[in-house]
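Visitor: have a look; sequence and predicted model below, questions after that.
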Amino acid sequence: MKAKEIRDLSTEEIQTRITDENEQLHNLRFQHAIADLQNPMILRHKRRLIAQLETILRQRSKEEAVA
């Protein structure tokens, strides 16, 4: 998901997406601890997506605080 697509989402949708992605990341880490994942790069992708979502959410909250 690109930054432009994330910015098109509402704040509530971003928060929901962060929660879902964190849950998926937790499950993937658990699977990775038990047995190897077919593609361990998924973990990196999930972490980076969560960081991107949180960054855009933080930017919005700062913009709202200023306005």
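Guide: It's in.

Visitor: can you give me the helices in this protein?
Guide: 3-7, 11-34, 41-66 (DSSP state H).

Visitor: mean neighbour count for the ones you listed - can I get that in JSON lines?
Guide: Yep, even glycine has a C-beta here, placed from its N, CA and C like the rest. What follows is the helices of the chain, written out as JSON lines (neighbours: other C-beta atoms under 10 Å):
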{"stretch": "helix 3-7", "mean neighbour count": "11"}
{"stretch": "helix 11-34", "mean neighbour count": "13"}
{"stretch": "helix 41-66", "mean neighbour count": "13"}
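
Visitor: okay if I get these as TSV plus mean pLDDT?
Guide: TSV is the format used below for the helices of the chain (pLDDT from 0 to 100):
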stretch	mean pLDDT
helix 3-7	93
helix 11-34	97
helix 41-66	95
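
Visitor: show me the contacts for the residue nearest the centre of the chain.
Guide: The C-alpha lying nearest the average C-alpha coordinate of the chain belongs to residue 50 (C-alpha atoms, centre = their mean; 2.1 Å). Residue 50 is in contact with 18, 21, 22, 25, counting by C-beta atoms under 8 Å, 6 or more residues apart in numbering.

Visitor: wait, what's in contact with the last one?
Guide: The neighbours of residue 25, taking C-beta under 8 Å, 6+ apart as the test, are 43, 46, 47, 50.

Visitor: quick check: closest non-adjacent residue to the first one.
Guide: Across the structure, with C-beta to C-beta, 6 or more residues apart in numbering as the measure, the residue nearest residue 43 apart from its sequence neighbours is residue 28 (5.8 Å).

Visitor: is it true that that neighbour touches residue 46?
Guide: Yes. Applying C-beta atoms under 8 Å, one finds residue 28 in contact with residue 46, separated by 6.6 Å.
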